[in-house]
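>>> Pasting the sequence and the predicted model now:
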Amino acid sequence: DNENIKRLFKKYYIPSMMTISVAGNFDKKQLVELAEKYFSFPDRKKGKQEPERKKPVYNSNILLKQKKLEQAHLCVGFPGIKQVSKYRYAKYLLNIILGGSISSRLFQKIREECGLAYNIYSFYFSFVDCGIVGIYSASSPENVSEIYRLIIEECGKLTEKSVTEEELAIAKESLKGSYMLSLESMNSRMIKTAKQQIFFGKFFTLDQILAEIESVSSKQLQELMKLIYKPEKVSAVVLGPVRGFVKEKDLRIN
């Protein structure tokens with residue numbers, strides 16, 4: 001209710017816990033004055049009042065949900081890494097190679113070679129103490145089990161053998177290009193600056209970031225995949241007209 005929201009706001013929204021990120025054409029003196037005026041909250045306690053946080057516990061599961069839709073939607077997931085991990089740049093490159101681009105292994109295998117799905121891609125979320133990797137596909141319900149099998153197969157390959165130097169070079173150029181392109185957006189710059197301050201307490205120059213990307217080796221990508229990908233921890237959800245097409249046992253990894 002309103003009273004709970006007010007108590008929460010008063011307890012946690014205090015200057016010592018705030019990060020204000022601004023990018024673009026602004027007057028620094030005026031910005032500081034406005035921040036002090038609207039974000040001082042003199043009635044609040046000083047010091048940090050961070051909410052209690054327990055690291056999330058990952059539990060693998062299989063879920064089939066029957067629903068009247070045109071396509072079946074498959075999402076596969078497994079634990080990832082936290083944002084401050086030493087593998088964070090390897091994570092970005094691994095995602096591009098696995099399913100984060102049209103030249104990725106999943107896109108080329110499942111869509112281009114096998115023609116099983118129009119939409120297939122991988123993604124990730126990283127937080128202060130945990131992360132997750134996900135793979136999404138939309139297809140005809142009769143193709144779900146085969147798509148799932150191919151996803152597991154491609155993930156397994158990345159643990160068994162290092163990516164080729166050509167694959168890694170293409171991924172590096174893609175990542176560097178997209179990062180530099182994102183700097184043209186003031187909104188993107190603002191968010192990047194805020195995240196760097198929140199997670200690392202410092203800022204990284206463009207040259208530093210590009211150097212970090214370039215330093216990632218194929219061995220590191222394989223190390224990362226071995227670290228995060230465990231077949232017994234894979235979860236899967238299928239939503240759509242699954243009845244008669246998909247069985248839970250088809251999504252269990254022996």
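All right, it came through fine. Only a predicted model underlies this, so the values are computations on that prediction, with no experimental measurement involved.

>>> Now stretch 219-238: buried residues?
Q220, L221, Q222, L224, M225, I228, Y229, V234, S235, A236, V237, V238 (16 or more other CB atoms under 10 Å). C-beta: built from backbone N, CA, C; applies to glycine.

>>> Now, those residues that are in helices?
Q220, L221, Q222, L224, M225, I228 (DSSP state H).

>>> Of all residues in the protein, which one is nearest the centre?
Geometric centre of the chain, nearest residue: Y124, 2.1 Å, by CA atoms, centre = their mean.

>>> can you tell me which helix or strand it belongs to?
In this assignment (DSSP states H and E), Y124 forms part of strand 117-126.

>>> what comes into contact with that strand?
With contacts defined as CB atoms under 8 Å, 6 or more residues apart in numbering, strand 117-126 is touched by 80-83, 85, 88, 91, 95, 98-100, 104, 106-107, 110-111, 131-139, 143, 147.

>>> Now a PyMOL select for only the buried ones of those residues.
Buried residues among the contacts of strand 117-126 (16+ other CB under 10 Å), as a PyMOL selection:
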select buried, resi 80+81+83+85+88+91+95+98+99+100+104+106+107+110+111+131+132+133+134+135+136+137+138+139+143+147
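
>>> Inside helices: which ones of the contacts of strand 117-126?
Those of those lying in helices (DSSP H): R88, K91, N95, L98, L106, I147.

>>> hang on, the earlier thing: flag every buried residue along the strand holding Y124.
Residues A117, I120, Y121, S122, F123, Y124, S126 are the ones in strand 117-126 that count as buried (16+ other CB under 10 Å).

>>> any idea how far the first one lies from V144?
Meaning A117. 9 Å (CB to CB, to the nearest Å).

>>> Between those two, which contacts overlap?
S137.

>>> re the thing from before, now, which of the contacts of strand 117-126 lie within strands?
If you go by DSSP state E, the contacts of strand 117-126 have G131, I132, V133, G134, I135, Y136, S137, A138, S139 in strands.
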